[in-house]
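# quick one, fold the following:
(one chain, ligands or ions: 1)
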Amino acid sequence: MKIIITGGAGFIGSHVVRLFVTKYPEYQILNLDALTYAGNLENLRDIESAPNYRLVKGDITDQAFVDHLFATEEPDAVIHLAAESHVDRSITDPLAFVKTNVLGTVHLLNAAKNLWKPLGYEGKVFYHVSTDEVYGSLDFGPDMFTEDTPYDPRSPYSASKASSDHFVRAWHHTYHMPVKLSNCSNNYGPNHFPEKLIPLAIHRIQHGQPVPVYGKGENVRDWLFVKDHATAIDAVFHKGKVGETYNIGGVNEWANLELIHLLCDTLDEKTGKEKGTSRKLITFVTDRAGHDLRYAIDSSKIMNELGWKPSVTFEQGLSQTVDWYLENQAWLNNVTSGAYQTYYQQQYAAR
Ligand SMILES: Cc1cn([C@H]2C[C@H](O)[C@@H](COP(=O)(O)OP(=O)(O)O[C@H]3O[C@H](C)C(=O)[C@H](O)[C@H]3O)O2)c(=O)[nH]c1=O
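Predicted structure coming up:
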């Protein structure tokens, strides 16, 4: 089987590529990645010379390129992770999100349909990896997103992902494309680009810089270790039903401020600082526009039907993540130089 994994040099994508390359040596894995600011081949150094792995640098917003790639490579399956993913960036540059997340997805769907429809779609699958943000925002309380929760995206990012989910389902209903979808909660772990809360906070604590907490830090997110997301994707790809959607989460809700406290204390302990030292860096800043209050996701369908569950507790996963960042200063210094500095200074100044 030849699988195109899009966005394989990104954070979640690189963990999925590694899992598939090592666990399924009989598969050919083609990593299609545009290598934008968030794509990093360092994330894949350990498997880049595996015989069943290949990188194709290219942009899914270019339909002619995507068509040519599918016509020449004739993949059997697509696992589509390539996306603009950062909510704050979507607020300042929504069009980039429409281009990559909506147009890019439609280009892939078109190319897959053109290749597979004449073959009757036998043994083919288009798997779209999405987010729980498409369901909107919950109040504090017992409610959770299920696969039947109506879509209510509220940021340009989540609107673009909701739109791409709808296009994938439309290709299933209209053209009979065998599709699968999953919607996952916040990921954390090694190789996470430090514009997102956890790696950003780790980086800033390490450098003794203010840690920005939006609003009062009351917003709640469910956190899943990225390697557990990769095993969930493996389960959905191999065992999920065609046409179905699976929610994926960590059963692990944290208010942002509580999470930052845990992170500060973990770093203090691991770096031999007095407890409370890093908490002094916490700085409350202007809230994110349209900031969703709470995401909470019910993963019972994937757990009951596909037998998947997270393998680590949050404390274990966070400890491994902090260790990874402490041991990989070069990776962090590399990605936080250049354009990142400009972006981050602008973001921070605006608050
Ligand atoms: C960067 C930053 C964030 N925050 C807050 C904002 C959120 O309430 C929370 C997490 O923010 P982050 O930007 O890391 O992630 P989300 O906006 O929840 O979205 C993430 O999880 C979903 C599922 C995806 O699908 C997104 O692709 C992914 O980026 O911390 C702060 O308080 N300070 C900061 O400096």
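
# my guess is residue 351 contacts residue 283. True?
No: if you go by CB atoms under 8 Å, residue 351 and residue 283 don't touch, sitting 9.2 Å apart. C-beta: built from backbone N, CA, C; applies to glycine.

# so what sits against both of the two?
residue 212 (CB atoms under 8 Å, 6 or more residues apart in numbering).

# need the strands for the stretch 201-350 of the chain, in chain order.
Here the stretch 201-350 of the chain has its strands, by DSSP state E, counting those that start in this stretch, at 211-214, 220-225, 245-248, 253-255, 282-285.

# can you list the strands that the shortest one pairs with?
In the sheet containing strand 253-255, its partner strands are strand 220-225 (antiparallel), by DSSP bridges.

# mean confidence score for the partner strand?
Per-residue pLDDT values over strand 220-225 give a mean of 98.

# same check on stretch 53-71?
So the average pLDDT for stretch 53-71 ends up being 98.

# residues from this protein in reach of the ligand?
85-87, 131-133, 185-186, 196-197, 200, 212-214, 219, 221, 256, 288 (CB under 6 Å from any ligand atom).

# again, 8 Å this time
Neighbours of the ligand within the chain, by CB under 8 Å from any ligand atom: 83, 85-88, 130-133, 155, 157-158, 161, 184-187, 195-198, 200-201, 211-215, 217, 219-221, 256, 260, 285, 288, 291-292, 295, 347.

# one step back: which of the strands of the stretch 201-350 of the chain sits closest to residue 140?
strand 220-225 (7.2 Å; CB to CB).

# run through who's touching that closest one.
Contacts for strand 220-225 (CB under 8 Å, 6+ apart): 132, 140, 184-189, 198, 248-256, 259, 293-297, 310-312, 314, 317, 320-321.

# which among the residues you listed end up buried?
132, 184-189, 198, 248-256, 259, 294-297, 310, 312, 314, 317, 321 (16 or more other CB atoms under 10 Å).

# in this structure, what residue sits furthest out from the centroid?
Relative to the centre of the chain, the most outlying C-alpha is that of residue 274, 33.9 Å out, by CA atoms, centre = their mean.

# neighbours of the spatially closest residue to it that is not a sequence neighbour, how many?
In this structure, residue 274 finds its nearest non-sequential neighbour in residue 268, 6.8 Å apart by CB to CB, 6 or more residues apart in numbering. Residues near residue 268, counting by other CB atoms under 10 Å, number 17.

# so who does residue 268 touch?
Per CB under 8 Å, 6+ apart, neighbours of residue 268: 274, 275, 276, 277, 278.

# residue 197 too?
For residue 197, counting by CB under 8 Å, 6+ apart, the contacting residues are 256, 259, 260.

# go again with 10 Å.
186, 188, 211-214, 219, 221, 223, 256, 259-260, 263 (CB atoms under 10 Å, 6 or more residues apart in numbering).

# how many residues are close by residue 306?
There are 17 residues near residue 306, going by other CB under 10 Å.
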